[in-house]
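Student: sequence plus the predicted model coming up.
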Amino acid sequence: MWKRDESVKPTSQPATTPPTPAVAPSQQQASGPVPQPESRRIERDMVNIGKSVIIKGELAGSEDLTIEGHVEGKIELKDHVLTIGPNGKIKAQVFAKSVIVLGEVNGNVSATEKVDIRDGGSVDGDIISPRVAIAEGAHFRGSVDMQRKGGGQPQQQSSGPQKAPQAAQQQPAAQAQPQPQPAGR
Amino acid sequence: MALTDLFRRKKPEDPDAETGASDAPVHPTKALARFLASLSAHEQPILIDLGPVVGSNVTFFGEQLGCKIFVEDVTKDIDRHVKEGRVAELPAFFSQRFPQADGTVDGILCWDVFDYMDKKGAEALAQQLTRILKPEGALLAFFSTSAPQEGVKPAYTRHVVVDQTNLQHRPYPAARGKQRPLLNRDIQRMFEPLRITEQFLLKTNMREVLFRKPAAA
């Protein structure tokens, strides 16, 4: 029981965020005298997975999430921001609207908006996103697939979690196979 | 004096210390624009970058070409072999380094990595790059034309794309310095059957060479 309190904390985790009442965002808006700005509401929707937590399996959600613990398997936050904190270690395929990496990710990362690898962050795997930012001092090994503006949305990869460098290296070969006569063109 | 003032004074020095000076000199490049032009006709090209990871470069090439970029930092491989005293094994290592199938890559950015290898290592790497390059694919490499200076701290150069015609050269520590410059004919032989389509000798004593794989190769 004590472990739950320590590991999974609600929105009041970040030092800058004010304490969050235990009500849904919609209720907050209805009862509050002044409408909250969008950014403040987003902050309040953040959920933190503490650094002592280890999750193996599939993690899906419909709110922004910060991971400081270990996750193995698959993470899906389609319309929300996933932040891998400095202590976070992820060995999983990641799908989110936006991904911010300050910790370690081993696996493919797919975002519909942006992937941001910050200083000290590490990604071993393939990135699919229309916008990618890699800070100097960040570690990255793999491939980056950025669609041109107006191009198709990133698609979920059907295969399970792959070892990143292998996945990165095998990709061109797989893409080349459907082309019957590349030299003839 | 307030404590915050001290931090404010310290801050501008920090980014340069680890990553090479951000105010490093900017040098013109003529071959980069040609390289981009040669790949612009390719539909979602596949690009391999043999230099260190530079986030702004990834963004630049992604936006310019809509490509898929593989970052394969060869300088890390060289450093590891030097530190472990296994430089002689580099040719064998490079012949296994790229598992990509033959003719599957549209463009390769070598920057100046060949300057840090001896001839055998360079030949092994060039052979592999030639193999994985698609027909009509392009390869961009820089070669130094001057002998390495004695007593200079060994350093790699991180080439940061400013725009199509300018590159910022940011130095960062290397396990060993540049080797003897390769001769022109050695470069040509090393990359056969690729053809040199553009060659520029810059004031910085760098030779920018743009190779292209013939369609029939």
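Tutor: Structure's in. What do you need?

Student: so residue B:95 touches residue B:124, yeah?
Tutor: Yes - in this structure, residue B:95 sits in contact with residue B:124. The criterion is CB atoms under 8 Å, and the distance is 5.1 Å. Just so you know, the C-beta spots here come from the backbone N, C-alpha and C atoms, and that holds for glycine as well.

Student: comparing those two, which residue is more hemmed in?
Tutor: Between residue B:95 and residue B:124, residue B:124 has the larger neighbour count (other CB atoms under 10 Å in any protein chain shown), namely 20 against 14.

Student: doesn't the more buried one belong to a helix?
Tutor: Yes - residue state for residue B:124 (DSSP: H, G, I helix; E, B strand; the rest coil) corresponds to a helix.

Student: could I get the pLDDT score of it?
Tutor: Each residue has a pLDDT score; the one for residue B:124 is 95.

Student: ends of stretch B:185-196, what's the gap?
Tutor: 11 Å (CA to CA, to the nearest Å).

Student: lowest average confidence, helix or strand, in the chain?
Tutor: Just going to use chain A. Ranked by mean pLDDT, DSSP states H and E, the helix or strand of chain A with the weakest confidence is helix A:164-176, at a mean of 37.

Student: I was thinking of chain B, sorry if that wasn't clear
Tutor: Counting by mean pLDDT, DSSP H and E, chain B has helix B:14-19 as its least confident element, at a mean of 44.

Student: strands of the chain, start to end?
Tutor: I'll assume chain A. Under the criterion DSSP state E, chain A carries strands at the ranges A:8-9, A:47-49, A:54-60, A:65-67, A:70-84, A:89-101, A:104-106, A:109-117, A:122-124, A:127-128, A:131-134, A:139-145.

Student: wrong one, I was asking about chain B
Tutor: Listed in chain order, the strands of chain B (DSSP E) span B:26-28, B:46-49, B:68-71, B:105-111, B:133-144, B:155-163, B:166-173, B:195-201, B:206-212.

Student: closest to residue A:98 out of the ones you listed?
Tutor: Distances from residue A:98 to each of those were compared using CB to CB; the minimum, 19.8 Å, belongs to strand B:68-71.

Student: which helices and strands sit right next to the closest one?
Tutor: Judged by 3 or more CB pairs under 8 Å, 6 or more residues apart in numbering or on different chains; DSSP states H and E, the packing partners of strand B:68-71 are strand A:139-145, helix A:164-176, strand B:46-49, helix B:55-65.

Student: redo that, cut-off 10 Å
Tutor: Where contact means 3 or more CB pairs under 10 Å, 6 or more residues apart in numbering or on different chains; DSSP states H and E, strand B:68-71 is packed against strand A:127-128, strand A:139-145, helix A:164-176, strand B:46-49, helix B:55-65, strand B:105-111.
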